[in-house]
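**Student:** Fold the following.
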Amino acid sequence: MGSYNYDNFSADDYDFENSNGPQVGDKAYDFELMDASGNPKDLLDFEGDFLVLELGSITCPLFQARRNTMMTLQDEFPQISNSILYVREAHPGQDIPMHKDLDDKLNCAQLLRDDDGEKRTIIVDDIEGSAHKAYGSMPNAVFIINKHGCVVFRAGWNNGEATRAALRSLIKGEPIRAKSYFKPATPSVLMKTLKRAGAGSRADFFKSLPYLFWQNIIKRNLRLLFNSSKMIDGDMRC
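**Tutor:** Coordinates of the predicted model:
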């Protein structure tokens with residue numbers, strides 16, 4: 001495992017076996033960070049009943065594949081806040097390389113906002129990835145946090161429809177026992193995202209593809225299928 005902001009993607013940079021970061025029922029971690037314009041912004045500074053916090057970067061095909069679904073949540077559930085924690089580049093390449101400093105990271109977050117048309121609040125992690133590491137270090141995890149600062153839903157890989165279903169139950173005041181199965185990005189989004197990152201990105205991804213397929217589509221989904229999850233009240237305190 002290399003430095004946090006790696007030059008080249010490798011599956012070795014991620015722990016696919018363990019569920020790290022705050023679990024359902026735990027207190028969410030707060031950080032003093034900034035938004036995509038460079039203004040100070042606390043990670044857990046939100047209005048409404050719930051914060052939907054998705055981790056992502058513009059070179060993450062899974063994040064890009066979920067964006068249309070995730071952006072519509074705010075319209076469907078006006079009582080929530082909907083934010084992105086911008087983390088390291090998942091698949092850096094020649095055109096969008098790793099972040100060498102915070103300005104690089106801010107520039108990529110602004111690219112997501114201005115060129116990609118992202119409407120959600122973008123909160124930029126520090127260059128060492130302090131918040132990302134605290135929240136488990138996965139490239140596209142998602143958390144739902146209630147107004148008491150408690151994690152009431154989490155998925156190591158975001159599945160937009162599962163996140164929507166969990167929100168729908170939480171807003172109704174119904175306890176949830178949610179499972180979020182891994183769903184791969186469509187080939188078109190995958191290739192478009194890696195091509196945009198530039199030379200090296202596709203080669204690094206496809207080198208690790210068999211291992212990623214085994215760990216996520218097979219092992220993770222089977223583990224979710226056969227393991228039970230506890231019921232969670234959306235208004236819980238922790």
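
**Student:** which element is the most centrally placed residue in the chain on?
**Tutor:** The chain has Leu55 as the residue nearest its centroid, 2.3 Å off, counting by CA atoms, centre = their mean. Using DSSP states H and E, Leu55 maps to strand 50-56.

**Student:** Could you do Ser81 as well?
**Tutor:** Assessed by DSSP H and E, Ser81 sits inside strand 80-86.

**Student:** Send over the helix or strand of the chain with the lowest mean pLDDT as PDB, restricted to the C-alpha atoms.
**Tutor:** Counting by mean pLDDT, DSSP states H and E, the chain has its least confident helix or strand at helix 221-226, which shows a mean of 91. C-alpha atoms of helix 221-226 as PDB (Å, rounded to 0.1, in the frame of the first residue of the first chain):
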ATOM      1  CA  ASN A 221     -23.100  -9.300  -2.200                       C
ATOM      2  CA  LEU A 222     -23.300 -12.900  -0.800                       C
ATOM      3  CA  ARG A 223     -22.200 -11.600   2.600                       C
ATOM      4  CA  LEU A 224     -25.100  -9.100   2.500                       C
ATOM      5  CA  LEU A 225     -27.500 -11.700   1.300                       C
ATOM      6  CA  PHE A 226     -26.900 -14.100   4.200                       C
END
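
**Student:** quick one: buried residues of it?
**Tutor:** Buried residues in helix 221-226, counting neighbours by 16 or more other CB atoms under 10 Å, are absent. Where C-beta positions appear, they are placed from N, C-alpha and C, glycine not excepted.

**Student:** Check what contacts it and list those residues.
**Tutor:** 179-182 (CB atoms under 8 Å, 6 or more residues apart in numbering).

**Student:** Show me the shaky parts of this protein.
**Tutor:** Applying pLDDT under 70 to the chain flags the ranges 1-2.

**Student:** helix/strand/coil for Pro210?
**Tutor:** The three-state label given to Pro210 by DSSP: H, G, I helix; E, B strand; the rest coil is helix.

**Student:** now do Thr163
**Tutor:** helix.

**Student:** how far away is the closest residue to it other than its chain neighbours from Asn82?
**Tutor:** For Thr163, ignoring the flanking residues on the chain, the nearest one in space by CB to CB, 6 or more residues apart in numbering is Val142 at 5.6 Å. According to CB to CB, to the nearest Å, Val142 stands 11 Å off from Asn82.

**Student:** who has more neighbours, these two?
**Tutor:** Val142 (28 against 22; other CB atoms under 10 Å).

**Student:** residue contacts, Ile182?
**Tutor:** Just so we're on the same page, residue 182 is Phe rather than Ile. 157, 159, 216-217, 220-221.

**Student:** The residue nearest to Thr163 reaches Glu161, doesn't it?
**Tutor:** No. Under the criterion of CB atoms under 8 Å, Val142 is not in contact with Glu161, lying 11.8 Å apart.

**Student:** and the gap between the nearest residue to Pro92 once chain neighbours are set aside and Thr121?
**Tutor:** Of all residues not flanking Pro92 in the chain, Met98 sits nearest, at 4.5 Å (CB to CB, 6+ apart). Going from Met98 to Thr121 by CB to CB gives 24 Å.

**Student:** Ok, Asp12 next?
**Tutor:** Relative to Thr121, and taking CB to CB, Asp12 is found at 32 Å.

**Student:** rewinding a little: among the contacts of Phe182, pick out the one closest to Lys207, please.
**Tutor:** Lys207 lies nearest to Asn216 out of these, by CB to CB, at 15.8 Å.
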